[in-house]
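J.: No letters, just coordinates:
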Ligand SMILES: [Fe+2]
């Protein structure tokens, strides 16, 4: 099992002053940071991160591991990540189930994988290599996707579950991504949740998206929508208490607004846990 850190937020530069300079400590149990933003030698980013880490647990969330590429793992990237881990001692290290590099070139985007046995074997082998290199377990996050492959033979939730089991890693369950991908592809979000093994989920993401009519886009520029709140409640009823946080990457509001949204997460999780305990219908 993974430790339950409580309720967190993504640390963003516009909030640095509120987080480290304010006399009022924000009621946040932990912070998630984007690993690559701090994979630099010293400087202000590392100073800020050290100050935050003195007060709170920190999760390192990467976007560039490219675990699904057929390229070899990027040893330079892993060395930088290992150095950051040694410095920060994060509670969680995570990245995405996706690929973004090929032939040494990066597309700077999180591309989906075909869900086949061949891809499964590739990702499992790579996760094992990463975990051996970092000497710790990582979490892989389910992606938000806009296309599927005709070659896919395994449902995404089952693909995630198989990776976690075979590679002995954890799952970062992004409930918004589950909702976005299910809407885009006509999948059943309840069947998706049912496929996810509770003991493998080390963290939950919540975020907002944009509805373009033809598809949902994972923009992280809106508050969490009602349907995703509802799915989060279902997830906590199934999983039990779990480190949960809100990601906001665009149209970032004042911290006070995100703290109000985070209070919603706390309230909804408490309600879901009461249902789980049989105290509520
Ligand atoms: Fe996410």
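T.: Sure, I can see it. Being a predicted model, the structure only gives us computed values, none of them experimental.

J.: The chain: strands as residue ranges?
T.: 7-10, 30-34, 58-61, 92-96, 99-102, 105-111, 139-141, 170-174, 201-206, 210-211, 216-217, 244-246 (DSSP state E).

J.: ok, residues contacting the last one?
T.: Translated: strand 244-246. For strand 244-246, contacts defined as CB atoms under 8 Å, 6 or more residues apart in numbering pick out 6-10, 30, 32, 59, 203-207, 224, 232, 236, 258, 261-262, 265, 269. C-beta here means a position set from N, CA and C on the backbone, and glycine is covered the same way.

J.: out of the residues you listed, who's near the ion?
T.: residue 205 (CB under 5 Å from the ion).

J.: what's the spacing between whatever residue of the stretch 51-200 of the chain ends up closest to the ion and residue 79?
T.: For the stretch 51-200 of the chain and the ion, the shortest gap (CB to the ion) falls at residue 174, measuring 3.7 Å. For residue 174, the distance to residue 79 equals 27 Å [CB to CB, to the nearest Å].

J.: Counting neighbours, go ahead and name the busier of those two.
T.: Neighbours were counted for residue 174 and for residue 79 using other CB atoms under 10 Å; residue 174 has more, 23 against 12.

J.: so who does that one touch?
T.: Residues counted as contacts of residue 174 (CB under 8 Å, 6+ apart) are 141-142, 144, 204-207.

J.: now do residue 66
T.: 74, 98-101, 106.

J.: Let's see the pLDDT reported for it.
T.: The predicted structure scores residue 66 at 94 on the pLDDT scale.

J.: again, but for residue 165
T.: pLDDT, read off for residue 165, is 98.

J.: Would you check which pair of the contacts of residue 174 lies furthest apart?
T.: Farthest pair in the contacts of residue 174 (CB to CB) is 144 and 204. Separation: 14.6 Å.

J.: So for the residue of the stretch 51-200 of the chain closest to the ion, what's the nearest residue that isn't a sequence neighbour?
T.: Spatial nearest neighbour of residue 174, chain neighbours left out: residue 205 (3.8 Å); criterion: CB to CB, 6 or more residues apart in numbering.

J.: sorry, back to before: now which of the contacts of residue 66 would you call buried?
T.: 74, 98-101 (16 or more other CB atoms under 10 Å).

J.: right, and the pair among these with maximum separation?
T.: Greatest spatial distance among the buried ones among the contacts of residue 66 (CB to CB): 74 and 98, at 14.5 Å.

J.: Take stretch 203-213 and give me the span from its first residue to its final residue.
T.: 30 Å (CA to CA, to the nearest Å).

J.: Begin at 20 from now on, thanks
T.: In the new numbering, first residue 20, that becomes stretch 222-232.

J.: Name the residues of the stretch 120-269 of the chain found near the ion, please.
T.: Along the stretch 120-269 of the chain, the residues adjacent to the ion under the rule CB under 5 Å from the ion are 193, 224.

J.: those helices in the stretch 120-269 of the chain, which residues are they?
T.: Assigned by DSSP state H, counting those that start in this stretch, the helices in the stretch 120-269 of the chain fall at 136-153, 175-186, 194-204, 208-214, 245-258.

J.: Please name every helix or strand in contact with the longest one.
T.: This means helix 136-153. Packing partners of helix 136-153 (3 or more CB pairs under 8 Å, 6 or more residues apart in numbering; DSSP states H and E): helix 94-107, helix 175-186.
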